[in-house]
Each structure stands twice: as structure tokens, then as C-alpha cells.
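> Return atomic coordinates for the entry below.
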Amino acid sequence: MLTTRQPRTKRSPAQQHSAAANGTSPASKVTIGSYLATRLEQIGLKHHFAVAGDYNLVLLDQLLTNENIRQVYCCNELNCGYAAEGYARANGAAACVVTYSVGALSAFNALASAYAESLPVILISGSPNTNDLGAGHLLHHTLGTLDFRYQFEMAKHITCEAVAITHPEEAPWLIDKAVRAAFRNRKPVYIEIPCNLSGALCSPPETRASLLDLPESDPASLAAAVDAASAFLGKAVRPLLLAGPRLRSYGGVTPFRDLAEAIGCGVAVMPGAKGFFPEEHDQFIGVYLGSVSSPGCNELVESADAVLAAGPIFNDYTTVGWSSQPAASKTIHADPDRVHVAGVAYNDVFLNEFLAALAEAAKTNPRNPATVIAFRRTLVETAQAAIADPDTPLTRAEMCRQIQGVIDRDTTLIVETGDSWFNGFNMALPDGAEFEIEMQYGSIGWSVPAAFGYAVAAPGRRIVLMVGDGSFQLTAQEVCQMVRLKLPVMIFLVNNRGYTIEVEIHDGPYNNIKNWDYAGIMSVFNSTDGDGRGFRATNGRELAAAIKQALAHNGGPTLIECTIDRDDCTKQLLQWGNRVAAANGRPPQRT
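The predicted model follows:
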């Protein structure tokens with residue numbers, strides 16, 4: 001007698017995980033918290049940042065069972081998120097753990113920064129007990145309603161993937177789904193774990209390979225894009241390459257350099273890409289920022305007949321109020337997952353693969369150094385900054401001259417929103433030096449906790465932070481964590497009594513701030529067991545002495561308060577601020 005085989009129903013990934021778990025003995029199972037810790041270790045994290053709260057305490061305990069990842073504590077959840085964002089810049093990815101609602105909603109601003117800056121940060125939030133979901137219970141830390149999904153719904157808008165675990169058997173699949181999305185998209189993700197599930201058992205983690213797999217370009221689209229770009233560049237008389245801030249996140253830095261070497265043309269960098277191409281290279285022509293670019297750079301970009309912009313971000317800030325941007329008709333615009341050649345789009349082409357393939361194609365053509373020759377011919381040598389009288393009041397120029405002397409090949413220079421941007425743009429980076437800026441999101445206060453996170457990830461580098469007094473006041477607490485971990489971060493705090501960048505865009509009494517004893521605040525953070533140092537420099541002699549002591553000090557951070565005149569700022573900030581203000585002030589247009 002013949003029997004018919006019943007059709008099989010295809011199971012979802014979550015059901016497959018559940019089935020695997022059911023076939024696994026309890027002895028071989030792991031807790032959800034330890035599963036997560038293993039995944040964080042497998043993707044290359046040696047630390048995760050945390051702020052404790054009653055909804056995440058068991059989860060923090062579970063994460064501590066993994067001795068290969070250190071738990072690093074922050075003063076508040078906003079700083080925790082920014083610390084993770086800074087860590088991701090140095091390490092490639094990061095994670096932070098907060099409590100429900102009162103913690104996560106504060107961390108969301110930093111998570112939005114990671115989204116804007118294309119950084120894979122994993123935000124993990126504890127959440128209410130599963131027995132309270134749908135039970136009609138009012139809970140603390142919530143909005144006082146019976147809807148506990150609002151945090152999850154909010155997270156969807158500032159992440160590439162948000163998951164909320166409600167059953168132990170689905171935890172492995174959901175955790176892997178989120179982690180995989182963070183790496184594939186180079187964006188933050190959100191994982192929500194109820195407080196009574198952190199210690200619940202689930203199936204153990206498998207291999208890590210699939211989590212780190214990156215998408216591949218469509219072969220036909222890639223070939224077509226490379227052919228079109230090669231032909232476009234081959235016809236150019238004055239080609240030029242422009243490095244954009246998305247190059248690093250999407251693996252494009254090395255192939256971009258290979259492409260530059262193959263073509264032989266001039267190379268400019270956008271502010272967020274400073275350091276992605278060696279400044280001592282003979283093809284480097286400067287930082288491109290429209291009318292406030294490095295000397296000679298803007299003119300070359302405007303006169304080039306073919307500009308390959310790799311991973312650029314053209315917003316109102318980087319175009320100086322929409323006043324400067326290469327025309328689409330002469331631009332190869334390479335985004336993370338698509339390429340436009342003179343306005344024609346090629347989809348499903350990934351930045352790193354496109355640049356690598358184009359570099360190989362370019363090697364078959366003669367090198368074209370026309371824009372390099374033009375740059376050398378027209379460049380006006382700028383005189384080195386004069387050494388100021390050491391006893392005269394400190395100026396911005398003298399401050400920057402002395403900071404320049406601190407920067408070596410092992411330095412990472414981090415600059416806060418404001419005139420620190422332009423002071424940083426003007427710094428010369430020796431080969432190996434790195435530069436960090438948050439120019440897309442531009443949230444003041446970002447730099448202090450970001451520098452903390454970066455220093456945790458890169459203990460072998462000299463971290464130099466340039467920050468204004470107004471920005472510092474937003475997130476100053478995280479300096480105490482630098483003291484706690486004995487991180488020798490050098491902080492140059494510019495005290496000019498207000499928000500200078502806002503003054504130049506639109507002034508008013510709201511740009512004035514209460515002055516602090518910034519140098520003296522280090523004693524507060526030290527208390528009885530810290531070794532941070534604080535100095536105040538009112539002239540060049542005091543600044544030089546403070547820098548000398550900072551370079552010799554390895555037991556904690558050094559904060560050097562540099563007091564300068566309120567109106568002492570770069571000419572670039574003045575010009576940039578006027579144009580951005582004009583863009584902000586455009587009258588409404590009738591549709």
C-alpha cells in the first residue's frame with residue numbers, strides 16, 4: 001500500500017531556533033544575557049558601556065559572566081550612548097546597556113547621532129516583566145499608560161533594526177537578526193530584553209561568520225557602473241577625487257587610496273573624512289568645504305571637469321548654506337549602496353567593491369596628475385604661525401600653534417561642534433594621525449563622552465580633544481570616568497564665555513553661559529582617589545607649561561582651560577556662519 005507524504009510547512013527562523021532549543025538539553029543551554037555577551041565578544045567588542053537601572057540589573061549580572069568583555073560605566077544614558085558612538089569609531093562597533101524609558105529615551109539622542117554618522121552601535125534596553133504586558137498594570141518609569149511599546153516604536157525611527165524579545169526561544173534569532181543588520185547597514189540597532197528574561201535559558205550561540213557577512217554588489221550593475229565611471233574619468237582633462245565621511249564605515253578607505261594612486265590626480269577630503277587620505281601624500285590638496293576650504297582647494301574642485309565623490313554627505317553645513325557643491329553633470333557620486341555617474345544611477349553597487357574594481361580598471365590607463373600640477377602651481381605658501389610673546393594674553397592662533405606641536409602619528413584629534421571644527425580642519429595631520437568630528441548630527445556635547453569611549457577602545461593612542469566651554473557644560477560629567485579608568489586624554493577647553501558658533505549664525509543673550517572654574521573642576525572629579533590634572537592658561541607661557549605636564553602625565557586626563565577673547569575665532573567660522581544663517585533665513589516659497 002502506497003502512502004502519501006504530507007506537505008511540510010516552512011518554519012520561520014524564530015520557530016527553527018525554538019525547535020533547535022527544544023532539542024537541546026538544559027545543561028547545554030545558556031541564559032539570554034550570556035548569549036548576548038558571547039555575540040558581543042564574537043563581533044570584536046572588548047567592552048560595553050552601561051548605566052544601571054532596575055529593569056536591566058539582572059542583564060548586567062549576566063553580561064558580567066563573560067570575562068572577555070569589560071563592563072564600563074557612565075554617568076548618564078546620553079553620555080553612555082555617546083561613549084559607545086566614540087568606541088565604534090575606533091573599534092568598528094559598540095554596545096551600550098540602559099534601563100527602560102527613563103534611560104533609553106535619554107540614550108536615543110546619542111543613538112540618532114550613530115545613525116546620522118553611520119556607526120553600528122547596539123543599544124540594549126531592559127524592559128518590564130513579561131507578566132505585566134497586557135495585565136492592566138501601571139508601572140514606574142513609564143508614561144503612566146498601559147502601552148509599553150512606545151519605546152520600541154520610537155527606536156524604529158533611529159535604527160536600521162529594532163527587536164523586542166518576549167519569549168526565550170526567540171531570543172537567539174532576534175539578537176542575531178539585530179547584530180547582523182548593524183553590520184550589513186553600518187547603522188545602530190535596538191534590542192529590548194524584559195527584566196525577567198535576562199536569566200532565562202535559550203539555545204547556545206553558533207558560529208559568528210554569518211553575523212559579519214556583508215552584502216555583495218549585483219555583478220551586472222557593478223560592471224556597468226565601473227565601465228561608466230572609467231569612461232567618464234578617461235575623458236576628463238582635470239579629474240579629482242573627493243573623500244567623503246562615509247568611506248570608513250563602508251570599508252572604502254583602502255580602495256579609495258588605491259584608486260587615487262592609480263589615477264594620479266588631486267585628492268581633497270570633506271571635513272568628516274579628514275585623515276582618510278594621508279595629508280603628507282603628494283596628491284593631497286586639502287579639506288574641501290566650499291568657500292571656507294583649505295587654500296586653493298575650492299578653486300580646484302570647482303574647475304575640475306570630473307569629480308569622483310566617494311561616500312560624501314552634501315548637507316547645508318558641508319555645502320556652506322547650499323553655496324558650494326560639485327555639479328551633478330560632472331560628478332561620480334558613490335554612495336554606500338549605489339553609484340550615480342553624471343546623473344545616471346546604478347543600484348545595488350556597494351562602495352567598497354565599486355572603488356576596488358574601479359581602481360583595477362584605472363591601472364590600465366595613463367595617470368593624470370593635472371589637478372596636482374595645478375595645485376602646486378597656484379598654491380600660495382602660508383607662513384608658519386608666529387610664536388606669540390609668551391606673556392601676552394592667549395590668542396586662538398597661539399593656542400592652535402601649540403596644540404599642533406602635540407599631534408604626532410599616534411594621535412587622534414577629536415573636535416567638538418563650533419570653532420573647534422575649523423581649528424581642527426587647519427591642523428596638519430602626520431601620517432597615522434586620525435581625526436574625529438560629528439558634522440552631520442552636530443550635537444554639542446558629543447565630544448567629551450565620545451572621547452572617553454574612543455580612549456577606552458584605543459588605549460595605545462594619544463587622544464587630544466578640542467572643545468568649547470558651552471559644549472563642555474552639557475556632558476562634562478564623563479571626564480570623571482576618564483579619571484576613574486586613568487585614561488590620559490588631553491582636553492583643550494576653549495573658554496570664551498559662550499556659544500561662539502551660534503553667535504556667528506545668530507546672536508542673542510541665549511548664547512551667553514555661566515562661567516565655570518573649568519581647571520578647578522578636576523579636583524571635584526578626582527575626589528580622594530583620582531589623578532586628573534587641571535590647568536588654566538591665560539598666556540602662551542602658561543599653556544606651554546601645562547602641555548609639558550600633560551605629556552608627562554599618564555595617570556589620568558589633563559584639562560587645560562584656555563582663556564581667549566569672546567570674538568577671537570577663525571575667519572572661516574565667520575564666513576561659514578554668515579552663509580548658514582542666510583540659508584536658515586530664506587523666506588518661505590509659495591508652491
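
> From here on, just use CA atoms for contacts and neighbour counts.
Will do.

> Where does the prediction get shaky in the stretch 151-300 of the chain?
Along the stretch 151-300 of the chain, the parts satisfying pLDDT under 70 run over 208-209.

> can you give me the helices in it?
Assigned by DSSP state H, counting those that start in this stretch, the helices in the stretch 151-300 of the chain fall at 171-185, 209-212, 219-235, 253-263, 297-303.

> Could you dump those into CSV and include distance to G33?
Putting the helices of the stretch 151-300 of the chain into CSV (distance: least, Cα to Cα, whole Å) gives the following:
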stretch, distance to G33
helix 171-185, 10
helix 209-212, 18
helix 219-235, 40
helix 253-263, 35
helix 297-303, 52
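
> got those helices as a markdown table, with distance to L413 and mean neighbour count columns?
A markdown table is the format used below for the helices of the stretch 151-300 of the chain (distance: least, Cα to Cα, whole Å; neighbours: other Cα atoms under 10 Å):
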| stretch | distance to L413 | mean neighbour count |
| --- | --- | --- |
| helix 171-185 | 26 | 22 |
| helix 209-212 | 29 | 14 |
| helix 219-235 | 34 | 18 |
| helix 253-263 | 18 | 21 |
| helix 297-303 | 22 | 20 |
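
> nearest to Y317, of those?
helix 297-303 (15.3 Å; Cα to Cα).

> in the stretch 401-550 of the chain, which spans are strands?
411-415, 434-436, 462-468, 490-495, 533-537 (DSSP state E, counting those that start in this stretch).

> Also the stretch 201-350 of the chain?
201-202, 239-243, 266-269, 284-287, 306-310, 331-334, 338-341, 344-347.

> same check, this time on the stretch 51-200 of the chain
Under DSSP E, counting those that start in this stretch, the stretch 51-200 of the chain gives strands at 70-73, 94-98, 121-127, 161-164, 189-194.

> Columns distance to A583 and mean neighbour count on top of the ones you listed, output as a markdown table?
Below are the strands of the stretch 51-200 of the chain laid out as a markdown table (distance: least, Cα to Cα, whole Å; neighbours: other Cα under 10 Å):
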| stretch | distance to A583 | mean neighbour count |
| --- | --- | --- |
| strand 70-73 | 41 | 18 |
| strand 94-98 | 36 | 30 |
| strand 121-127 | 32 | 28 |
| strand 161-164 | 34 | 22 |
| strand 189-194 | 33 | 26 |
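
> Is there a neighbour count for Q42? I'd like the number.
Residues near Q42, counting by other Cα atoms under 10 Å, number 16.

> swap in N76?
18.

> how about low-confidence regions in the chain?
By pLDDT under 70, the low-scoring segments of the chain are 1-27, 208-209, 382-383, 498, 500-506, 591.

> mind checking how far the closest residue to A310 other than its chain neighbours is from D227?
Closest residue to A310 apart from its sequence neighbours, by Cα to Cα, 6 or more residues apart in numbering: A334 at 4.9 Å. A334 is 14 Å from D227, where distance means Cα to Cα, to the nearest Å.

> Take the strands of the stretch 51-200 of the chain and lay them out in TSV including distance to F152.
Listed next are those as TSV, based on distance: least, Cα to Cα, whole Å:
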stretch	distance to F152
strand 70-73	24
strand 94-98	14
strand 121-127	10
strand 161-164	7
strand 189-194	8
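
> Can you give me the separation between the residue nearest to F525 when sequence neighbours are not counted and Y346?
Distances taken as Cα to Cα, 6+ apart put C480 closest to F525, at 5.0 Å, once the chain neighbours are dropped. Using Cα to Cα, C480 is found at 49 Å from Y346.

> Also L105?
L105 sits 38 Å away from Y346, going by Cα to Cα.

> cool, P588 as well?
P588 sits 35 Å away from Y346, taking Cα to Cα as the criterion.

> more neighbours, the two?
Comparing P588 with Y346 by other Cα under 10 Å, the one with more neighbours is Y346, at 22 against 6.

> Hmm, D337 and the more buried one touching each other?
No. The pair Y346 / D337 is not scored as a contact, 9.0 Å apart, by Cα atoms under 8 Å.

> which ones are touching G424?
Going by Cα atoms under 8 Å, 6 or more residues apart in numbering, G424 touches L413, V415, M466.

> returning to what we had before: and V524, which of the helices of the stretch 151-300 of the chain is closest to it?
If you check each of the helices of the stretch 151-300 of the chain against V524 by Cα to Cα, helix 171-185 wins as the nearest, at 38.4 Å.

> what sits up against that closest one?
Here helix 171-185 makes contact (Cα under 8 Å, 6+ apart) with 13-14, 17, 32, 35-36, 39, 120-122, 160-165, 187-191, 202-205, 210-215.

> Switch the contacts of G424 over to JSON lines; also include neighbour count and distance to G311.
JSON lines is the format used below for the contacts of G424 (neighbours: other Cα atoms under 10 Å; distance: Cα to Cα, whole Å):
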{"residue": "L413", "neighbour count": "24", "distance to G311": "21"}
{"residue": "V415", "neighbour count": "28", "distance to G311": "21"}
{"residue": "M466", "neighbour count": "26", "distance to G311": "26"}
